[in-house]
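Asker: Could you look at this predicted model? Sequence included:
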Amino acid sequence: MSAIIEKTPGVSWETIAKKLGISRRQLFNVRRSPRVQEALRTVAQQLLRSDLGDVLKVLTEKAKAGDNTAMRLFLEVVDKYDEAEKATQARVDPTAWLRAHAGPEEEDDPHKDNWNQ
């Protein structure tokens, strides 16, 4: 597994297969397995998380400096963050989602008194 994760540019899959003592076809099949795919996604997410703070800092600096593309991306990121915060709050407080998505209260709701009982 580590040979697959640690593959560097310029090193062929055939070379890795030889190091592992398997055929290139066997390596291809291993790489396609759901367990290996999930492990690769997990490793990629961990690597991305470790750089996320630095990337957001640079994005913020560029947006503040007037880079229009960075501004748009910053606003998209903030919006996604706000959505994630709302979703998290809804899991903590189930009525938060209802309050956030409820329309204006109906004054003439005939069942209004029944809701409060």
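Answerer: Here it is on my side, so go on. Given the structure is predicted, the values throughout are model-derived calculations rather than measurements.

Asker: For the top helix by length along the chain, name the packing helices and strands.
Answerer: If you go by DSSP state H, the chain has its longest helix at helix 34-64. Judged by 3 or more Cβ pairs under 8 Å, 6 or more residues apart in numbering; DSSP states H and E, helix 34-64 is in contact with helix 2-5, helix 68-92. Every C-beta, even on glycine, is put in place using the N, C-alpha and C of the backbone.

Asker: Compute the mean per-residue pLDDT across the last one, please.
Answerer: Model confidence over helix 68-92, given as mean pLDDT, is 76.

Asker: Check the first one too.
Answerer: When the per-residue pLDDT values of helix 2-5 are averaged, the result is 66.

Asker: and the helix or strand just after that helix, average pLDDT?
Answerer: Where DSSP states H and E defines the elements, the next helix or strand beyond helix 2-5 is helix 13-20. Summarised as a single mean, pLDDT over helix 13-20 is 87.

Asker: Buried ones in the next helix-or-strand element following helix 13-20, by neighbour count?
Answerer: Using DSSP H and E, the next helix or strand after helix 13-20 towards the C-terminus is helix 24-32. Within helix 24-32, the residues that count as buried by 16 or more other Cβ atoms under 10 Å are L27, V30.
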